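>>> Below are the sequence and a predicted model; questions follow.
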Amino acid sequence: MAYSQQLIDHYENPRNVGSLEKTDGTVGTGLVGAPACGDVMKLQIKVGVDGRIEDAKFKTFGCGSAIASSSLATEWVKGKTLDEAEQIKNTEIAQHLSLPPVKIHCSILAEDAIKAAIKDYRDKQQVADGKAAE
Amino acid sequence: MSVNGSSTNGQQVHEPVQVNGLRQDGQNQPQLPIYLDYQATTPCDPRVVQAMLPYFTEKFGNPHSRNHHFGWEAEEAVEKARRQVASIIGADEKEVIFTSGATESNNLALKGVAHFQKDRKNHVITTVTEHKCVLDSCRHLEMEGFKVTYLPVQQNGLIDLEQLKAAITDKTVIVSIMAVNNEIGVIQPLAEIGKICRERGVYFHTDAAQAVGKIPLDVNAMNIDLMSISGHKIYGPKGIGALYVRRKPRVRLDALIHGGGQERGMRSGTLATPLCVGLGEACAIAEKEMASEAERLTYLRDRMYNQFKERLPEVFLNGDLDQRIPGNLNLSFAYVEGEGLMMGIKDLAVSSGSACTSASLEPSYVLRALGVEEELAHTSLRLGIGRFTTEQDVDYAVEHIIESVNKLRSMSPLWEMAQEGIDIKSIQWAEH
């Protein structure tokens, strides 16, 4: 299977590998996939006071397409508001990386990871707001 | 890999490359990419090709032409090849039938024997780790009404002889158990299986595609009634194989391919003389070099395995180490997905048991049968070494795999969790 230049670049030079402090209230963590299925993505976002994603990190267990999809996802969410980041579609990721049909699920997983990270951040904010209101 | 065994032809000039911080000068640098997939196929030995060449051109006769020189010449070559094949398994030449490969041999052995005996017996025994062509032939027989028992294997990949004994009934026609597994290289206890089958009056077929030329085989000492042989796994050409069919006591089978009645009526069709010659020569070379080659490959295999064990935590060997052919190493590098790893070592041609590398998107059924958990099955690599693998190849491969595993672990969320002491099994994963 021949992979695209974009995909190989993201695999060989992955952007934003690492971890953010998951207990930090401004950090949202998405952990999706399953070890038994052969891919797990952890994608984290750090949201600034202006409501924009100021940092993003990922770690992925999976094939090259999964690694590249999550690397690209972190690159794309940076600088976006949560609402904007939520609009990122798996089809855009798949298209950008020219994923072969059998690898489309990798891009779906990356979209899920973004949504899960956003949800985790919002859940944390609600809890914090609730505490502040008490 | 240097197939012609020569690196002094002046064409192989390598740039100095940094490996593990050490500059490798041109002489120590292996030729890239390195082939480490000898269980998938092997290159034709140049000696095999040399032996074959005349039979494409000047000695092109039909070996079944009985009335002229061209036919006799080709027939003589085919019969010499038959003797060479018979010799490496301790058989008589009359017991060797040429086929298109081990897949056809396995189909012929299973369906042929089952069909011939269908009015008397209707039960077949095999194992869950067989090659797909055996399993699929068995599925086909099931559709025709045969009953098939798929024996499980133990954690080391070997069958439990007591389970085999218990599975045999008076309706059992044939037991088909592979000699050496293609993924994990483990050697089944052939002599013990043969003894059990002979005592119970059941035919014993073994798919020996991965065993011939690698371990000593003797169809009489092991009570083997049918044996499948492949050309391209033993440095012979693709498109040729053989089936050993015992004559005393005689094994009878229905042909799958009908026609001119060649190969004692069991496999019609004009024999491909050059391919037969190639298979014969491949067997002759393998027989002659088996002992020294086994010693050399065991050294290289252990050299690889020991490096991995010493330098990487959480590396697991799949399949028994002792009951194993020298040229196979199947390892799980925990927390690193196999296909992702293969992409990082693209100078190395290897195989993986990961789902992503299979058409079915399921992890290796062989590893699953050993009880290897799915998450570890996804992290497996099969490293197959053979006749043209050098020590430089192996050392280069080890460095690159270790480097890649370390890099991918540093970006694996599972590795991170394991380091933090989080039990991965305690997490509610969303299966997808």
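That came through, no problem.
>>> any idea how far residue B:200 is from the single nearest residue of the stretch 1-150 of chain B relative to chain A?
Per C-beta to the nearest C-beta, residue B:33 is where the stretch 1-150 of chain B lies closest to chain A, at 15.1 Å. Heads up, the C-betas are built off the backbone N, CA and C, glycines and all. According to C-beta to C-beta, to the nearest Å, residue B:33 stands 49 Å off from residue B:200.
>>> Compare those two (neighbour count), which wins?
residue B:200 (15 against 12; other C-beta atoms under 10 Å in any protein chain shown).
>>> Run through the chain and note the low-pLDDT ranges.
By default, I'm working from chain A. Within chain A, the segments meeting pLDDT under 70 span A:1, A:134.
>>> nope, chain B please
B:1-28, B:355-361, B:431-432.
>>> near chain A, which residues of chain B show up?
B:335-337, B:339-340, B:343-344, B:354-356, B:361, B:363, B:373-375, B:378, B:410-416, B:424, B:427, B:429-432 (C-beta under 8 Å from any C-beta of the partner chain).
>>> which of those residues count as buried?
Neighbour-count burial (16 or more other C-beta atoms under 10 Å in any protein chain shown) is assigned, among the residues of chain B next to chain A, to B:335-337, B:339-340, B:343-344, B:354-356, B:363, B:374-375, B:378, B:411-416, B:424, B:429.
>>> Out of the residues of chain B next to chain A, name the ones that lie in helices.
B:339-340, B:343-344, B:374-375, B:410, B:413-416 (DSSP state H).
>>> And chain B, split by domain according to the record?
B:17-44+B:290-414, B:47-285 (automatic domain parsing).
>>> biggest helix in chain A by residues?
helix A:104-133.
>>> just checking, what packs against that helix?
Using 3 or more C-beta pairs under 8 Å, 6 or more residues apart in numbering or on different chains; DSSP states H and E, the elements in contact with helix A:104-133 are strand A:27-34, strand A:39-47, helix A:64-77, helix A:82-86, helix A:90-97.
>>> Mean neighbour count and distance to residue A:5 added to the ones you listed, as a markdown table?
Listed next are these as a markdown table, based on neighbours: other C-beta atoms under 10 Å in any protein chain shown; distance: least, C-beta to C-beta, whole Å:
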| stretch | mean neighbour count | distance to residue A:5 |
| --- | --- | --- |
| strand A:27-34 | 23 | 25 |
| strand A:39-47 | 26 | 22 |
| helix A:64-77 | 27 | 11 |
| helix A:82-86 | 16 | 25 |
| helix A:90-97 | 19 | 10 |
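>>> Show me which residues of chain A sit near chain B.
Residues of chain A lying near chain B (C-beta under 8 Å from any C-beta): A:3, A:11, A:14, A:17, A:19, A:31-42, A:58-64, A:66-67, A:102, A:105, A:109.
>>> who's in contact with residue 112?
I'll assume chain A. A:30, A:32, A:41 (C-beta atoms under 8 Å, 6 or more residues apart in numbering or on different chains).
>>> The intended chain is chain B.
Here residue B:112 is in contact with B:253-256, B:266 (C-beta under 8 Å, 6+ apart).
>>> which of the residues you listed are buried?
Among those, those that count as buried by neighbour count (16+ other C-beta under 10 Å) are B:253-255, B:266.
>>> between these, which is closest to residue B:323?
Residue B:323 lies nearest to residue B:253 out of those, by C-beta to C-beta, at 29.9 Å.
>>> Quick check: which element contains the nearest residue to the closest one once chain neighbours are set aside?
The spatially closest residue to residue B:253, leaving aside those adjacent along the chain, is residue B:112, at 3.1 Å (C-beta to C-beta, 6 or more residues apart in numbering or on different chains). Take DSSP states H and E as the rule and residue B:112 turns out to sit in helix B:102-116.
>>> next helix or strand past that helix?
Assigned by DSSP H and E, the successor of helix B:102-116 is strand B:123-127.
>>> Beyond the lengthiest helix in chain B, next helix or strand please.
In terms of residue count, the longest helix belonging to chain B (DSSP H) is helix B:273-311. For helix B:273-311, the following helix or strand on the C-terminal side (DSSP H and E) is strand B:315-317.
>>> Could you spell out the sheet neighbours of that next one, each with its direction?
strand B:328-333 (antiparallel) (DSSP bridges).
>>> can you give me the angle the strand it pairs with makes with helix B:273-311?
40 degrees (axes from the mean of the first three to the mean of the last three C-alpha atoms, to 10 degrees).
>>> What lies in contact with strand B:328-333?
B:39, B:183-185, B:301, B:304-305, B:308, B:312, B:314-319, B:341, B:353, B:367, B:372, B:376-377, B:379-385, B:401, B:405.
>>> Could you identify the buried members of those residues?
B:39, B:183-185, B:301, B:304-305, B:308, B:312, B:315, B:317-319, B:341, B:353, B:367, B:372, B:376-377, B:379-385, B:401, B:405.
>>> Contacts only, for residue A:60.
A:39-42, A:66-67, A:70-71, B:411-413.
>>> So of those, which two are at opposite extremes in space?
A:40 and A:71 (14.7 Å).
>>> do you know how far residue B:55 is from residue B:77?
Distance from residue B:55 to residue B:77, by C-beta to C-beta: 6 Å.
>>> meant to ask about residue B:299
Taken as C-beta to C-beta, the span from residue B:299 to residue B:77 is 36 Å.
>>> With neighbour numbers in mind, choose between the two.
Neighbours per residue, other C-beta under 10 Å: of residue B:299 and residue B:77, the larger number sits with residue B:77, 23 against 13.
>>> ok, and what's touching the helix or strand hosting that one?
If you go by DSSP H and E, residue B:77 is part of helix B:69-88. Applying C-beta under 8 Å, 6+ apart, the contact partners of helix B:69-88 are B:55, B:59-65, B:91-93, B:95-96, B:98, B:212-213, B:217, B:229, B:242, B:244, B:271, B:273, B:276-277, B:279-281, B:283-284, B:286-287.
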